[in-house]
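[1] Here is my input, please return the structure:
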Amino acid sequence: MNYWIVVASKDHAAIGVKGSFVQANHGKRTALDRMRRGDRIVIYSPRETFGKPGQLRAFTASGTVVDDEVWQADMGADFKPFRRAVEFEPVNDAPLLPILDRLGFIRNKRAYGAAFRFGVVNIPESDFRVIHAVLTTARS
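    From the prediction side, this is the model:
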C-alpha cells in the first residue's frame, strides 16, 4: 500500500469528492499510473479556488483508490483528463501549518511549498497517519 498527496484547489477537490474520483496535474496520466487499488490519498489545497488569489494551505479530502486502472473522462472542448476512482470519507479541512513540524516528507520547513510542487507526492505511512488524524479529529 502507498500513501499519496494530490495537490488541488479546494473547489477542484470538491468536484472530485462529489464525483468519487481524483485527477492530478491538470489531467495528466503519469502520476495516477503509480497508484494501486487500496492506496490511500489525501488532497492538499494550497488555494480555495483554482486560478484566484488567496491561500488556504489545508488538507481538504481523504480517500482510498478503489479501481484497478486509470480511466479517461471527456469534459468537452478537447479536455480529456485521466482519473482514478476514489472512495472518499467525510472529513473537515485540516490546516498544514499546525502539523508542519511533524511531517517528515517536508524537509525544509521554511520552504514547505516546494514539497508539493510536482502535484502528486508519495509520502510515508507515518506522515499519512498524522494528516489523516488531523482531518478526522477536525470533524465537528
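
[2] Please list the residues outside the helix or strand hosting Phe88 that contact it.
    Following DSSP states H and E, one finds Phe88 within strand 82-89. Here strand 82-89 makes contact (Cβ atoms under 8 Å, 6 or more residues apart in numbering) with 16-17, 20-23, 27-29, 32, 35, 41, 61-67, 70-73, 136. Where you see a C-beta, it was placed from the backbone N, CA and C, and this is true even at glycine.

[3] Name the residues of it that come out as buried.
    Buried residues in strand 82-89, counted by 16 or more other Cβ atoms under 10 Å: 82-86, 88.

[4] longest strand of this structure?
    Criterion DSSP state E: the longest strand present in the chain is strand 55-65.

[5] Adjacent strands (with direction) for that strand?
    Applying DSSP bridges to the sheet, strand 55-65 is found paired with strand 40-47 (antiparallel), strand 82-89 (antiparallel), strand 94-95 (antiparallel).

[6] centre of the chain versus the last one, how much separation?
    In this case it means strand 94-95. Mean-position distance between strand 94-95 and its chain equals 13 Å (Cα atoms, centre = their mean, to the nearest Å).

[7] For the remainder of this discussion, apply numbering that starts at 462.
    Will do, 462 is the new start, and the previous item becomes strand 555-556.

[8] contacts for it?
    With Cβ under 8 Å, 6+ apart, strand 555-556 has contacts from 518-520, 592, 595-596, 599.

[9] Buried by neighbour count, from the residues you listed: which ones?
    Neighbour-count burial (16+ other Cβ under 10 Å) applied to the contacts of strand 555-556 gives 518-520, 592, 595-596.

[10] Leaving out the residues flanking it, which one is nearest to the one residue sitting closest to the centre of the chain?
    Taking Cα atoms, centre = their mean, the centroid of the chain lies closest to Ile504, which sits 2.1 Å from it. Residue nearest to Ile504 in three dimensions, not counting chain neighbours: Ala522, with 4.1 Å by Cβ to Cβ, 6 or more residues apart in numbering.

[11] In contact with the one you found: list those residues for me.
    Residues in contact with Ala522 (Cβ under 8 Å, 6+ apart) are 474, 477-478, 502-504, 549, 552.
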